[in-house]
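Visitor: Predicted coordinates and the sequence they were generated for:
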Amino acid sequence: MAEPTLLAPAPETPPAQAKPKWYRRPWIVPLFVIVGLFVAARLPSYLTFDTGDSLVELQEAFPETHYLMLTGHILFGSIAIITCSLQVWPWLRQHHPKVHRISGRLYVFAGVVPSGVFAMIVAVMSVIGPPGKIGNLIGASLWFLCTFAGLVAARRRRFQEHRRWMIRSFALCTSIVVNRVWLVVFLFGLMPFLDGYYGGDMDALIEDAAVASIWTSWIVNLMIAQWWLDRKPKRGKRAAPATKVAVAA
């Protein structure tokens with residue numbers, strides 16, 4: 001008697017596809033350029049050990065201590081933002097997983113941990129008002145939480161979960177860069193209110209713009225990261241063809 005056949009779905013193995021070259025990721029080069037320029041513009045001012053070179057206003061009561069805390073934050077923060085950029089580079093992760101793991105450990109233990117601690121101290125010491133201090137403290141705390149959630153997921157070999165948490169960590173890490181962009185946006189946006197609402201007080205306008213940029217930078221970055229994680233895959237992909245599986249009569 002002939003053996004009947006049944007249709008069964010093929011194993012869920014996607015067809016082999018050629019992976020794009022490292023230089024075909026259109027956002028990689030701009031990311032490295034922006035990060036490199038940002039570090040080059042900020043870090044040198046905190047390697048002279050001269051409080052007069054500080055790019056932010058220091059506490060009058062203890063400027064040296066404030067400057068020292070800023071130096072630690074920016075030095076380790078530079079390590080964090082550079083290694084974090086390497087972490088999101090797909091080519092490096094796929095072709096050099098060992099380098100990916102090493103840069104990941106550097107990101108966490110030589111970047112996020114020390115820079116985050118200094119960031120919280122600097123937030124409290126900052127001359128900006130309570131709304132700005134709270135915004136910086138929350139941003140730094142979320143950076144810690146997302147990073148260590150990603151680290152725990154990796155150690156448990158939950159790599160999809162690890163990837164999601166580290167994308168959020170990347171968004172929070174790079175919020176310091178877009179913070180400067182938002183600051184300029186808010187400064188221009190508030191300038192028409194200088195003579196009226198602010199009564200010509202430029203310092204008050206700048207502080208409001210700074211506070212708004214602090215909150216907006218990490219909130220918007222997190223929203224974009226979450227949108228990226230929750231976006232639906234492109235439609236139009238063909239379903240896997242069925243294959244015949246013999247069943248004995």
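Guide: Structure received. Numbers count the residues shown, from 1 in each chain.
Visitor: burial count for the nearest residue to Leu222 once chain neighbours are set aside?
Guide: Closest residue in space to Leu222, ignoring its immediate chain neighbours: Ala171 at 5.4 Å, by C-beta to C-beta, 6 or more residues apart in numbering. All C-beta spots, glycine's among them, are computed from the backbone N, C-alpha and C. By other C-beta atoms under 10 Å, 25 other residues sit near Ala171.
Visitor: got it, and Val99?
Guide: Val99: 13 neighbours (other C-beta under 10 Å).
Visitor: in the lengthiest helix in the chain, what's buried?
Guide: Longest among the helix segments of the chain by residue count, using DSSP state H, is helix 202-230. By neighbour count with 16 or more other C-beta atoms under 10 Å, helix 202-230 contains the buried residues 205, 207-218, 221-222, 225.
Visitor: One more: stretch 190-201?
Guide: So for stretch 190-201, counting by 16+ other C-beta under 10 Å, buried means Leu190, Tyr198.
Visitor: And the helix or strand hosting Phe188, what does it pack against?
Guide: Under the criterion DSSP states H and E, the helix or strand holding Phe188 is helix 175-190. Contact partners of helix 175-190 among helices and strands, from 3 or more C-beta pairs under 8 Å, 6 or more residues apart in numbering; DSSP states H and E: helix 28-42, helix 63-87, helix 202-230.
Visitor: out of the ones you listed, nearest to Thr51?
Guide: Thr51 sits nearest to helix 63-87 of all those, at 4.6 Å, using C-beta to C-beta.
Visitor: Next, the angle helix 175-190 makes with that closest one.
Guide: Compare the direction of helix 63-87 with that of helix 175-190 by axes from the mean of the first three to the mean of the last three C-alpha atoms, to 10 degrees and you get 110 degrees.
Visitor: avg pLDDT for helix 63-87?
Guide: Averaged over helix 63-87, pLDDT sits at 95.
Visitor: need the contact list for Thr147.
Guide: Contacts for Thr147 (C-beta atoms under 8 Å, 6 or more residues apart in numbering) come out as Tyr107, Val108, Val112, Trp165, Met166, Ser169.
Visitor: My error: substitute Tyr107 in the last question.
Guide: Counting by C-beta under 8 Å, 6+ apart, Tyr107 makes contact with Ile79, Ala80, Thr83, Cys84, Gln87, Thr147.
Visitor: Return the members of those classed as buried.
Guide: By 16+ other C-beta under 10 Å, these give Ile79, Ala80, Thr83, Cys84, Gln87, Thr147 as buried.
Visitor: roughly how far out does stretch 107-125 sit from the chain middle?
Guide: 14 Å (C-alpha atoms, centre = their mean, to the nearest Å).
Visitor: Tell me the buried residues in that stretch?
Guide: Across stretch 107-125, burial judged by 16+ other C-beta under 10 Å covers 107-108, 111-123, 125.
Visitor: re the thing from before, how about a markdown table for the contacts of Tyr107, with distance to Phe49 added?
Guide: What follows is the contacts of Tyr107, written out as a markdown table (distance: C-beta to C-beta, whole Å):
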| residue | distance to Phe49 |
| --- | --- |
| Ile79 | 19 |
| Ala80 | 21 |
| Thr83 | 25 |
| Cys84 | 26 |
| Gln87 | 31 |
| Thr147 | 29 |
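Visitor: What is the nearest of the residues you listed to Ile102?
Guide: Nearest to Ile102 among the contacts of Tyr107, with distances taken as C-beta to C-beta, is Thr83, at 9.0 Å.
Visitor: Assign a three-state SS to the residue nearest to Glu57 when sequence neighbours are not counted, would you?
Guide: Nearest residue to Glu57, sequence neighbours excluded (C-beta to C-beta, 6+ apart): Val127, at 5.0 Å. Of the three states, Val127 takes coil under DSSP: H, G, I helix; E, B strand; the rest coil.
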